[in-house]
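> Using only what follows, build the 3D model:
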Amino acid sequence: MSSPSETLMGGKKKGPSKKMGGKKKARAVEEDARLLCSDALTEVFHRLPARTLASCRMVCKSWMSLLSDLHFVHEHLKRGQQKLLLFANDRENDRSLAMVLADANGYMYQLSRPAASRSLFVHNSCNGLLCLGDSRGAVELLNLTTGESLALPMPEYTAGSSQFSSYNWHSLGFCSSTKEHKVAHFYPGDLGSVKACCEVFTIGGKAWRQVGSLDGTPIDRGMHVNGTVYYLTMFRYVASSRINCLDLESEKFDVMMLPLRKTYGGHCSLSELEGRLCLLVVDGTLDGLPRTMDILMLDNDDKQSWTHSYHISLPLLMQSCYFTPKHALFHDGKIWVQLFAKSLYCYDPNSNSEELEIACPESEFPFSTHTFVESIVPLHHHYFIK
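Sure thing, here's the model as predicted:
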């Protein structure tokens, strides 16, 4: 028979044990509820537009942490809708304008232009980031949605940089396997050389790295598609024409031949449609009017086969318009093409007409067109947006 003291001691031992067990169970239930709320909140965030998430990051530290997590950022990016971005300089009012066309309505961002810059322009766009350049050769990344920016170190070669330069240009790209953004800078080799030199900057790094050179000076500014930068060489009118390639992950070069065709009588350029590299070919001669444009799309699997996807009739243009189409891109179910500095045309694949028609009245300013996805990819540097 146990003594009263033993019974009392036993009671004391059992009491706290039950109490501690209850606390652990309560904490477990609370943790499960917190995780459930967190999962539900994450799913809600996935469904919100990037412009809303940019404001949500300012609510509290936990939301900032979640919305800055790279896994979440890239998962949200996959759900983003590709849009059309028009970028122009309003020199009279010393400002730069970026219009993002989402649907029937457009969103207008007004950007302040650095005072030291005489001409701000967009090299290209990737994952919602604009790769900006100016006449001094400076390079800056800008997230239009969040307003963050990042100024890169000055490249080794800076002379002759402009919006239309095919000998000195930059291309921002993304490596999906490493989740790294990189900027490739192509510039001419030694005087009289036909080589194109290249240096690469990894976002988050400290310096540009020389990655080598490749035969064939770029005749057009390049195009980034799925982790590879492509550009046409200056020999594009002859049978030996080719497309030079830089894989951003391995930082190795490769070469592709142009697809076989009866003629390349007009101009051609590279673009991207539906996540595939495209070749835009305008048929025409120096003495005649270019009247049609063919769009050939590269097979993403073998990187060798080209599919003739569209044949478009061009509007009646002046004879002097022996041109290279700037860009072709999908937006709102249509193909949009910039033909002149101030003119934007579109083609509806679902219509019975093959005509390329003017999409909007001529712009007040010369502009460039780019594919664009609103995102919250962080840069952690502020860029003033009015």
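> which regions of the stretch 201-350 of the chain sit below the pLDDT cut-off?
For the stretch 201-350 of the chain, the stretches with pLDDT under 70 are 234-241, 261-266, 284-290, 316-327, 331.
> those strands in it, which residues are they?
Secondary structure of the stretch 201-350 of the chain, counting by DSSP state E, counting those that start in this stretch: strands at 209-215, 223-225, 228-232, 242-247, 252-257, 268-273, 276-283, 292-298, 306-313, 328-331, 334-340, 343-347.
> quick check: angle from the fifth one to strand 292-298?
With axes from the mean of the first three to the mean of the last three CA atoms, to 10 degrees applied, the angle from strand 252-257 to strand 292-298 works out at 130 degrees.
> list the buried ones in strand 252-257?
For strand 252-257, a neighbour-count test (16 or more other CB atoms under 10 Å) marks residue 253 as buried. Heads up, the C-betas are built off the backbone N, CA and C, glycines and all.
> For residue 146, which of the strands of the stretch 201-350 of the chain is the nearest?
strand 223-225 (21.1 Å; CB to CB).
> Please tell me how far residue 242 sits from residue 274.
Distance, residue 242 to residue 274, using CB to CB, to the nearest Å: 24 Å.
> again with residue 151
33 Å.
> what about the two, which has more around it?
Neighbour totals were compared for residue 151 and residue 274, and residue 151 leads with 15 against 11 (other CB atoms under 10 Å).
> Ramachandran coordinates for the more buried one?
phi -90, psi 130 (degrees, to the nearest 10).
> Any idea what it is bridged to?
Beta-bridge pairing of residue 151 under DSSP bridges involves residue 140.
> Please apply the same query to residue 277.
residue 272.
> what sits against it?
Residue 277 is in contact with 223, 225, 230, 270-271, 297-298, counting by CB atoms under 8 Å, 6 or more residues apart in numbering.
> Likewise for residue 64?
Residues near residue 64 by CB under 8 Å, 6+ apart: 57-58.
> Looking at it now. What's its pLDDT?
With respect to pLDDT, residue 64 scores 86.
> before we move on, back to that, could the strands of the stretch 201-350 of the chain go into a markdown table alongside distance to residue 46?
As requested, those are exported to a markdown table (distance: least, CB to CB, whole Å):
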| stretch | distance to residue 46 |
| --- | --- |
| strand 209-215 | 35 |
| strand 223-225 | 26 |
| strand 228-232 | 28 |
| strand 242-247 | 31 |
| strand 252-257 | 35 |
| strand 268-273 | 25 |
| strand 276-283 | 26 |
| strand 292-298 | 30 |
| strand 306-313 | 32 |
| strand 328-331 | 23 |
| strand 334-340 | 28 |
| strand 343-347 | 31 |
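> sorry, back to before: reformat the contacts of residue 277 as JSON lines; add neighbour count.
Converted to JSON lines, these look like this (neighbours: other CB atoms under 10 Å):
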{"residue": "223", "neighbour count": "21"}
{"residue": "225", "neighbour count": "20"}
{"residue": "230", "neighbour count": "21"}
{"residue": "270", "neighbour count": "21"}
{"residue": "271", "neighbour count": "22"}
{"residue": "297", "neighbour count": "20"}
{"residue": "298", "neighbour count": "22"}
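> Closest one of those residues to residue 259?
residue 298 (8.6 Å).
> And the residue nearest the centre of this protein?
In the chain, the residue lying closest to the centroid (CA atoms, centre = their mean) is residue 126, at 1.4 Å.
> Excluding chain neighbours, what is closest to it?
Counting by CB to CB, 6 or more residues apart in numbering, residue 126 lies nearest to residue 172, which is 4.5 Å off, once chain neighbours are set aside.
> Is that neighbour bridged to anything, and to what?
residue 183.
> Number the residues from 554 up from this point.
Let's use 554 as the start, then, which means that last one is residue 725.
> wait, isn't it in contact with residue 753?
No - using CB atoms under 8 Å, residue 725 makes no contact with residue 753, being 11.0 Å away.
> got the buried residues for stretch 774-788?
774-778, 780-786, 788.
> how far does it sit from the chain's center?
14 Å (CA atoms, centre = their mean, to the nearest Å).
> could you dump that stretch to CSV, C-alpha only?
C-alpha atoms of stretch 774-788 as CSV (Å, rounded to 0.1, in the frame of the first residue of the first chain):
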residue,chain,number,x,y,z
ARG,A,774,20.4,42.8,-82.8
GLY,A,775,20.1,39.3,-81.3
MET,A,776,17.1,37.5,-79.9
HIS,A,777,16.9,35.5,-76.6
VAL,A,778,14.8,32.4,-76.6
ASN,A,779,14.7,29.7,-73.9
GLY,A,780,18.2,30.4,-72.5
THR,A,781,19.9,30.9,-75.8
VAL,A,782,20.9,34.1,-77.6
TYR,A,783,20.7,34.0,-81.4
TYR,A,784,21.8,36.5,-84.0
LEU,A,785,22.1,36.6,-87.8
THR,A,786,25.5,37.0,-89.4
MET,A,787,26.4,39.5,-92.1
PHE,A,788,26.3,36.8,-94.7
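> circling back: now the buried residues of stretch 774-788 in CSV, with distance to residue 911?
Output for the buried residues of stretch 774-788, formatted as CSV (distance: CB to CB, whole Å):
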residue, distance to residue 911
774, 24
775, 28
776, 24
777, 28
778, 27
780, 35
781, 33
782, 31
783, 29
784, 29
785, 27
786, 32
788, 34
